[in-house]
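Q: Predicted model follows, preceded by the sequence.
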Amino acid sequence: MKRVVCPGSFDPITFGHLDIIERASSIFDEVVIAVMVNQTKKTLFTVAERIEMTKEVTARYPNVKVDSWSGLLVDYCKRNEIAIIVKGLRAVTDFDYELQMSQINLQLQGVETLFISTAPAHSFLSSSLVKEIASHGGDVSSYIPAVLLERLKDRLAGK
């Protein structure tokens, strides 16, 4: 069975993330979405909330599982016997960073990285951008699933 991991903060999960997850799920037997905990990154939603939202919007994919991890992704891969990391690339700037990460992950634990280019319709999209637009009252309904819109608005309103 070919299992892969798609890591990210998913704060919140966007249509760009879902594009990569859907495409990976059509290629591999199992896709594990690793909601990463990064102590240096300030997130809008808690890990539990991000896991819940991610499970909700990926429920239609029977071969997608959601988990979380704090620490090095390659350690997660080793612990869970996953040999491939799947990453989406939006632009050259993503590639510059992700290439370094893929090389160190290969050296540290022998974990390969597969890059999937994001569909052009989502190539500009990031969770940070979605939060920024929404925080100023902008319409983000074409960037995140409808079931997440109210949660995002409520969180930004301090609820």
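A: Yep, it's here.
Q: Could you report the neighbour count for the residue nearest to residue 37 when sequence neighbours are not counted?
A: What sits nearest to residue 37 in space, not counting adjacent residues and going by CB to CB, 6 or more residues apart in numbering, is residue 70, at 3.7 Å. Yep, even glycine has a C-beta here, placed from its N, CA and C like the rest. Look at residue 70: counted by other CB atoms under 10 Å, it has 12 neighbours.
Q: residue contacts, residue 70?
A: Neighbour list for residue 70: 36-37, 39 [criterion: CB atoms under 8 Å, 6 or more residues apart in numbering].
Q: Confirm residue 87 sits in a helix?
A: No: judged by DSSP: H, G, I helix; E, B strand; the rest coil, residue 87 forms no part of a helix; its state is strand.
Q: for the helix or strand of the chain with the lowest mean pLDDT, which positions count as buried?
A: When each helix and strand of the chain is scored by mean pLDDT, DSSP states H and E, helix 92-109 comes last, with a mean of 90. Residues 94, 98, 102, 105 are the ones in helix 92-109 that count as buried (16 or more other CB atoms under 10 Å).
Q: farthest-separated two in those?
A: Largest separation among these by CB to CB: 94 and 105, giving 15.5 Å.
Q: which residues of the protein fall in helices?
A: Along the chain, counting by DSSP state H, helices occupy 15-27, 47-58, 73-79, 92-109, 127-135, 146-156.
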